[in-house]
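S.K.: Below is the sequence, then the predicted model.
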Amino acid sequence: MEPIKNTTASAIPAISADDLILFATIIERKSLVRAAEHLQMPKATVSRRLANLEASLGQRLLIRTTRRLSLTDFGQEFFDHCRRVMEEVASAHDFVHSRDALPRGLLRVSMPGDYAKHFFSCAIATFIEAYPDIQLEIDLTSRRVDLIGERFDLAIRMGVLEDDSTLVARQINTVSWGLYASPIYLAQRSMPMQPPDLAHHSAIRLLSARGTATPWKLVCGKTVWEGVPNGRLRVNSPDMIQRLLLDGAGIGALPHQFVENDVRLGRLVCILPDWCLPPVTAWAVMPMRRYLPSKTRIFLEHIEQYCK
């Protein structure tokens, strides 16, 4: 494919900041279709503006095939400049909103549904009452969403975080866990007295975000036991584990706060109460920004108050 010829080499191309942001968005989304969705404009408009940009520059920026977009050498260098422009525009936008006296606008948050119900429902209800100019949209999922690509302001994530230079994390809570079973199940099996006794029981194990079942690590003073208990049942929802335990399906690990009421009513029993599972950290994860928008900052501070 031949490069586009510039018939007015001495002329300075007229390029708008919007065109730079559009080009950077195409590259970051790796697709004209996804860029159009993100920018909320028709794909034909994105394609036309890209062609006009290439014509203005007199250079081919992308090599397009049916399967992928590839940057030309000039396109790669140009993208580096465009990305810096986009970051500065985003920073200016965040600065303006960080100075809002009254937080307002749409706030999009992602969090696991199980934890939202047990830890954040009251915080969410009081937040909406306190800030009437904020529209709060909560996506309840255990999936680790793409905060930037899916335009989320904040996500609550549990456990170990993956390295990502585009995100910043803040610890908001630590969740204590224990092993539990129902009297229905224990009536059929003997009560485990030591961790090795778990080998004779049916375990319901929690699947991690990567889809792997988490081993059990139990600590009592300086003694540590770690193993993979027997059991053919693995699920990715603590709420579902709780329901299965109540129905007598086996022994499972759950946050203590999830089962306080069931323990008080005698529906569940703590197994090996002298042994503790490692606590799980709850994180608030946000896109890396120079200025945190006031609506995000206020929401984060509000939920932190309920986690103390």
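M.R.: Nice, I can see it.

S.K.: If we ignore the residues flanking it in sequence, what's nearest residue 189?
M.R.: Among residues not flanking residue 189 along the chain, residue 201 sits closest, at 5.9 Å (C-beta to C-beta, 6 or more residues apart in numbering). To be clear about C-beta, it is placed using only N, CA and C from the backbone, and glycine gets the same treatment.

S.K.: Was I right to think that neighbour contacts residue 191?
M.R.: No. Applying C-beta atoms under 8 Å, one finds residue 201 not in contact with residue 191, separated by 9.8 Å.

S.K.: Name the SS class of residue 92, please.
M.R.: Assigned state for residue 92: helix (three-state reduction, DSSP: H, G, I helix; E, B strand; the rest coil).

S.K.: So what's the residue count around it?
M.R.: 12 (other C-beta atoms under 10 Å).

S.K.: For it, give its distance to residue 86.
M.R.: 11 Å (C-beta to C-beta, to the nearest Å).

S.K.: re earlier: neighbour count for residue 201 and residue 191, which is higher?
M.R.: A count of neighbours by other C-beta under 10 Å puts residue 201 above the other of residue 201 and residue 191, at 20 against 11.

S.K.: The more buried one: what's it in contact with?
M.R.: 181, 189, 192, 229, 230, 231, 250, 251 (C-beta atoms under 8 Å, 6 or more residues apart in numbering).

S.K.: cutoff 10 Å now
M.R.: When the contact criterion is C-beta atoms under 10 Å, 6 or more residues apart in numbering, the partners of residue 201 are 179, 181, 185-186, 189-192, 229-231, 250-251, 271.

S.K.: cool, residue 159 as well?
M.R.: 175, 208, 209, 214, 278, 280, 281, 282, 283.

S.K.: what ranges of the stretch 201-308 of the chain fall below the confidence cut-off?
M.R.: 290, 308 (pLDDT under 70).

S.K.: Helices of that one, residue ranges please.
M.R.: Under the criterion DSSP state H, counting those that start in this stretch, the stretch 201-308 of the chain contains helices at 238-246, 256-264, 294-307.

S.K.: now the stretch 1-150 of the chain
M.R.: Under DSSP H, counting those that start in this stretch, the stretch 1-150 of the chain gives helices at 17-29, 32-39, 43-57, 73-98, 113-115, 121-130.

S.K.: what helices or strands is the last one leaning on?
M.R.: For helix 121-130, the elements it packs on are strand 105-111, strand 134-140, helix 294-307, judged by 3 or more C-beta pairs under 10 Å, 6 or more residues apart in numbering; DSSP states H and E.

S.K.: again, 7 Å this time
M.R.: Other elements packing on helix 121-130 under the criterion 3 or more C-beta pairs under 7 Å, 6 or more residues apart in numbering; DSSP states H and E are strand 134-140, helix 294-307.

S.K.: Could you export the ones you listed to JSON lines, including columns for mean neighbour count and distance to residue 260?
M.R.: Converted to JSON lines, the helices and strands packed on helix 121-130 look like this (neighbours: other C-beta atoms under 10 Å; distance: least, C-beta to C-beta, whole Å):
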{"stretch": "strand 134-140", "mean neighbour count": "14", "distance to residue 260": "22"}
{"stretch": "helix 294-307", "mean neighbour count": "18", "distance to residue 260": "16"}
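
S.K.: Let me know which of the ones you listed is the nearest to residue 21.
M.R.: For those, the distance to residue 21 is smallest for helix 294-307, at 21.5 Å, taking C-beta to C-beta.

S.K.: Next, the angle helix 73-98 makes with the closest one.
M.R.: If you take axes from the mean of the first three to the mean of the last three C-alpha atoms, to 10 degrees, helix 294-307 sits at 60 degrees to helix 73-98.

S.K.: Can you tell me who residue 204 pairs with across the strands?
M.R.: In this entry, residue 204 is beta-bridged to residue 233, residue 252, by DSSP bridges.

S.K.: and residue 90, how far is that from residue 151?
M.R.: From residue 90 to residue 151 the distance is 12 Å (C-beta to C-beta).

S.K.: Which of the two has more residues huddled nearby?
M.R.: The neighbour comparison of residue 90 against residue 151 (other C-beta under 10 Å) goes to residue 90, with 16 against 12.

S.K.: The residue lying closest to that one once chain neighbours are set aside: neighbouring residues, count only.
M.R.: Leaving aside its chain neighbours, residue 90 sits nearest to residue 289 (7.1 Å; criterion: C-beta to C-beta, 6+ apart). A count of neighbours around residue 289, defined by other C-beta under 10 Å, yields 16.
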